[in-house]
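*Asks:* return a 3D structure for these sequence lines:
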Amino acid sequence: MPRRPRSDRASPVPATNPDTLHDPALYINRELSQLEFNFRVMAQAMDESVPLLERLRYLCISCTNLDEFFEIRVAGVLHMQEFGTPLPPDGIPPSALLKLIHERAGTLVEQQYRYWREVLRPALADAGIRILSPETWNARQKRWLKQHFNSDILPVLSPLGLDPAHPFPRILNKSLNVVVVLQGKDAFGRAGKMAIVRAPRSLPRIIQLPPNVSGGEHDFVLLSAVLSSFVDELFPGMQVKGAYQFRVTRNSELLVDEDEVENIADAVQDELRGRGFARAMRLEIADSCPKPIINTLLENFDLPPNAVYRINGPVNLNRVTAIYDLVDLPDLKFLPFKPRKHPDVEEEQLFDTIRAGDVLLHHPFDSFNAVVSLVKQASRDPDVLAIKQTLYRAGKDSVLVQHLVEAARSGKDVTVVIELRARFDEEANLGLADQLQEAGVQVVYGVVGYKTHAKMMLIVRREGRKLQRYVHLGTGNYHTGTARLYTDIGLMTANPEIGEDVHRMFQQLSGLVPSFKLSWLLQSPFTLHAALLAKTARETALAREGRPARIIAKMNALNEPQVMRALLEASQAGVQIDLIVRGACSLRPGVPGFSDNIRVRSIVGRFLEHSRVYWFGNDGQPEIYCSSADWLERNLLRRIETCFPILDPSLAQRVYDEELANYLADNTQAWQLNSDGSYERIQPGEDQMPYSAQNGLLASLCR
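*Replies:* Numbering: from 1, shown residues only. Here you go, the predicted structure:
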């Protein structure tokens, strides 16, 4: 068995006054830091070395990210303002924070649309991909579009004239709408003033013109442009004085009081019904819209004036991403790659392979097929008795889920822990739960009050006279789609103690059992947080003794106050700390006397950085862990997470080389966090060759 790490040592005497580590100047607001991530995504859209259609996709990703930011983060700030929850470590009160958010978000929106109008749209046109605006339509195009409007669009529209009998309608979250100013009288003699036209979600937001009509193979028109151009067809006998597209973004956080409900599935379903009409967070509207109409909309949506975003372009710019899939021009996209088949894995004999030694998978460079094959073999192997698995996000028509269904129908004991509150996947997971239950799978919804975010699978197989456990642990979801787009680490092992740990965690999730000590795994909300503090304190003690001390950690986000204070204290003691944080980082690096020894970088590239890896120097006996958990309050204290060590020395070295050293060497897609909270793109030095960590892995692993 691998040797256990020595016990973590805390420092006998604190080197600093703990109160000084609560100074708000040492921290960055999480929401503002999250906004900065979207500027880094926009930088990818503006990078001319990135293929053109990929740049379009990055632009749309930044728009979608901003939608979610308002739906979740801004909604959270308003909740904090109304209910007086404690301030975060940065100390910015909610009212001031909302003002800063709207100012910074306004800058981002202006950048997005200016770049769309002045750079990307013209560049697409030069490449033969035209997004035609009404003023450019020729007579033939206009005739076809009008016919298309009358035959395919108008029949599903239900315009609503506003008067005492027709109050302002409920506007669905992020839906496309047009407010129309009318003059004249209708068939009943009612004077027209204003009407609302809602675009059903069944209508495609991008319309491709037939080549024989338009003359171009890749000519498109936005639905919003068609609605605005032909809206007069909906109001015969009246004069349309103006038509202005708008969109409202609403709070999308589900609030389920789990202690007060008898069935969490029913409660989530009830909440989903009202999500689309929850409190408004933001109004996007055509910049040509008169101020009185904007004021009317603000009043109806109960929004302050600074929540209005005047848009010079389509209010749903993120929908332009559909063009990426509609256009088959490989030269304008990233070169395709084929994930490698792991050289040490024989997918037809996985149980033998795993029993012979741990298997490490680094996605998307290593194929996710190995994980799917493991479930497939388990579902069909007569010696497999049980399969237990967590599912947070699985994707539509998941082949992995199909294998679980097959296993249950063949008589195996299958238990699946489904997290119904996986944000924006709640409805899909409710349907998945029904599908599995109908096949005889035992479905568990986790633990009241704690989201189950752990990624783990346990297979129990009879081998001779004993039962052998096989385990898969990962940093990412069991989702075959994102496994090609996100970077993640997966471990397959037959280690009996890890197998016992995972077995006990499943007992916790499915039954009512007391807490117990695990041999190797660290677990939120019980041991992971304390272990991170203890291991950081151990490095701090080593530094004070004059011995080498180092921490390197890679994650998606960081904001947990105690962890941040521990890192500051470690920095003051001389511990060298490198943090690779993709998104929001609330710890301010480079503050003299506090965080001089802390460096923070973010990598934004072709793949979404998603793996969480923690490395502690441990006086020459380094420990490396992979985890489903970021260093956020929610992950460490309010979720069920796993954190697993890489015990095989060669695999531990591989994780260090590929996930840490490799990303610290990146000088083309890396951004350095400065002490003022800004990010600066790292450039190669005069004596350095340009190096991309992701491209390096593609070249070395996917040849």
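*Asks:* can you list the low-confidence ranges for the stretch 201-350 of the chain?
*Replies:* For the stretch 201-350 of the chain, the stretches with pLDDT under 70 are 254-277, 347.
*Asks:* and stretch 210-227, how far apart are its ends?
*Replies:* Stretch 210-227 has an end-to-end distance of 19 Å (C-alpha to C-alpha, to the nearest Å).
*Asks:* check the gap between L350 and S379 for me.
*Replies:* Separation of L350 from S379 (C-beta to C-beta, to the nearest Å) stands at 12 Å. (Each C-beta comes from the backbone N, C-alpha and C, glycine too.)
*Asks:* then K388?
*Replies:* K388 is 13 Å from S379, by C-beta to C-beta.
*Asks:* what sits against V460?
*Replies:* Counting by C-beta atoms under 8 Å, 6 or more residues apart in numbering, V460 touches V384, L385, A386, I387, L467, Q468, R469.
*Asks:* which non-adjacent residue is nearest the second one?
*Replies:* The one in question is L385. In this structure, L385 finds its nearest non-sequential neighbour in V460, 5.0 Å apart by C-beta to C-beta, 6 or more residues apart in numbering.
*Asks:* got it, and the last one?
*Replies:* Residue nearest to R469 in three dimensions, not counting chain neighbours: G499, with 3.1 Å by C-beta to C-beta, 6+ apart.
*Asks:* what mean pLDDT does the helix or strand the one you found falls within have?
*Replies:* G499 belongs to helix 496-510 when assigned by DSSP states H and E. The pLDDT scores in helix 496-510 average 95.
*Asks:* strands along the stretch 501-650 of the chain, start to end?
*Replies:* Using DSSP state E, counting those that start in this stretch, the strands of the stretch 501-650 of the chain run over 522-524, 550-555, 576-581, 598-603, 608-609, 612-616, 623-627, 639-645.
*Asks:* how far away from the center of its chain is the shortest one?
*Replies:* Its chain's C-alpha centre lies 9 Å from the corresponding centre of strand 608-609 when counted by C-alpha atoms, centre = their mean, to the nearest Å.
*Asks:* the residue nearest to R469 against V471, yeah?
*Replies:* Yes - assessed by C-beta atoms under 8 Å, G499 is found in contact with V471 at 5.4 Å.
*Asks:* before we move on, the earlier item: got the angle between the helix holding G499 and strand 639-645?
*Replies:* 180 degrees (axes from the mean of the first three to the mean of the last three C-alpha atoms, to 10 degrees).
*Asks:* name the helices or strands packed onto helix 496-510?
*Replies:* strand 413-418, strand 442-444, strand 456-463, strand 466-474, strand 639-645 (3 or more C-beta pairs under 8 Å, 6 or more residues apart in numbering; DSSP states H and E).
*Asks:* which strands border the fourth one, and is each parallel or antiparallel?
*Replies:* Using DSSP bridges, the neighbouring strands of strand 466-474 in the sheet come out as strand 456-463 (antiparallel), strand 486-493 (antiparallel).
*Asks:* same question, the shortest one
*Replies:* Taking DSSP bridges as the criterion, strand 442-444 pairs within the sheet with strand 413-418 (parallel).
*Asks:* got it, and the last one?
*Replies:* Here strand 639-645 is paired, per DSSP bridges, with strand 451-452 (parallel), strand 522-524 (antiparallel), strand 623-627 (antiparallel).
*Asks:* now the element after whichever helix in the chain runs longest, going C-ward?
*Replies:* Criterion DSSP state H: the longest helix present in the chain is helix 94-115. Counting by DSSP H and E, the element after helix 94-115 in chain order, helix or strand, is helix 121-126.
*Asks:* for that following helix, the distance to its chain's centre please.
*Replies:* With C-alpha atoms, centre = their mean, you get 29 Å for helix 121-126.
*Asks:* repeat that for stretch 65-73.
*Replies:* The chain centroid and the centroid of stretch 65-73 are separated by 11 Å, computed with C-alpha atoms, centre = their mean.
*Asks:* any buried residues in it, and which?
*Replies:* N65, L66, D67, F69, F70, E71, I72, R73 (16 or more other C-beta atoms under 10 Å).
*Asks:* the third one should be in a helix, yeah?
*Replies:* I take that to be D67. Yes - D67 sits within a helix when classified using DSSP: H, G, I helix; E, B strand; the rest coil.
*Asks:* that one contacts K174, correct?
*Replies:* Yes - contact status for D67 versus K174: in contact at 6.2 Å, counting by C-beta under 8 Å.
*Asks:* anything in contact with each of the two?
*Replies:* Common neighbours of D67 and K174 (C-beta under 8 Å, 6+ apart) are T249.
*Asks:* still on that earlier bit, distance of the residue nearest to R469 from W520?
*Replies:* Look at G499 and W520: by C-beta to C-beta, they are 10 Å apart.
*Asks:* please apply the same query to S586.
*Replies:* Distance from S586 to W520, by C-beta to C-beta: 30 Å.
*Asks:* neighbour count winner among these two?
*Replies:* S586 (26 against 18; other C-beta atoms under 10 Å).
*Asks:* would you agree that one is in contact with L558?
*Replies:* Yes - S586 is within contact range of L558, at 6.1 Å (criterion: C-beta under 8 Å).
*Asks:* and the strands in the stretch 251-400 of the chain?
*Replies:* Remark: strands assigned in the stretch 251-400 of the chain by DSSP E, counting those that start in this stretch are 280-286, 308-311, 359-363, 384-391.
*Asks:* any chance of the ones you listed in CSV, plus distance to L579 and mean neighbour count?
*Replies:* Formatted as CSV, the strands of the stretch 251-400 of the chain follow (distance: least, C-beta to C-beta, whole Å; neighbours: other C-beta atoms under 10 Å):
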stretch, distance to L579, mean neighbour count
strand 280-286, 30, 22
strand 308-311, 33, 21
strand 359-363, 20, 22
strand 384-391, 27, 23
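*Asks:* okay, those strands in JSON lines with distance to V600 next?
*Replies:* As requested, the strands of the stretch 251-400 of the chain are exported to JSON lines (distance: least, C-beta to C-beta, whole Å):
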{"stretch": "strand 280-286", "distance to V600": "29"}
{"stretch": "strand 308-311", "distance to V600": "30"}
{"stretch": "strand 359-363", "distance to V600": "23"}
{"stretch": "strand 384-391", "distance to V600": "30"}
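*Asks:* now tell me what touches the helix holding G499 from outside.
*Replies:* By C-beta under 8 Å, 6+ apart, helix 496-510 touches 1, 388, 390, 415, 417, 442, 444, 446-447, 452, 454, 456, 458, 469-471, 473, 493, 513, 515-516, 518-521, 523, 640, 642, 644.
*Asks:* PyMOL command for the buried members of these?
*Replies:* Buried subset of these, written as a PyMOL selection, criterion 16+ other C-beta under 10 Å:
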select buried, resi 388+390+415+417+444+446+447+452+454+456+458+469+470+471+473+493+518+520+521+523+640+642+644
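*Asks:* A307: which of the helices and strands packed on helix 496-510 is closest?
*Replies:* With C-beta to C-beta as the measure, strand 639-645 is the member of the helices and strands packed on helix 496-510 nearest A307 (30.7 Å).
*Asks:* tilt between that closest one and strand 384-391?
*Replies:* Using the same axes, to 10 degrees: strand 639-645 against strand 384-391 is 120 degrees.
*Asks:* pull out the buried residues from the longest helix of the chain.
*Replies:* Here helix 94-115 shows 94, 97-98, 101-102, 104-105, 108-109, 111-113, 115 as buried, counting by 16+ other C-beta under 10 Å.
*Asks:* quick check, pLDDT for E623.
*Replies:* Looking at E623, its pLDDT is 98.
*Asks:* do L420 as well
*Replies:* 77.
*Asks:* just for the protein, where's the confidence low?
*Replies:* 1-19, 163-166, 186-192, 254-277, 347, 421-425, 703.
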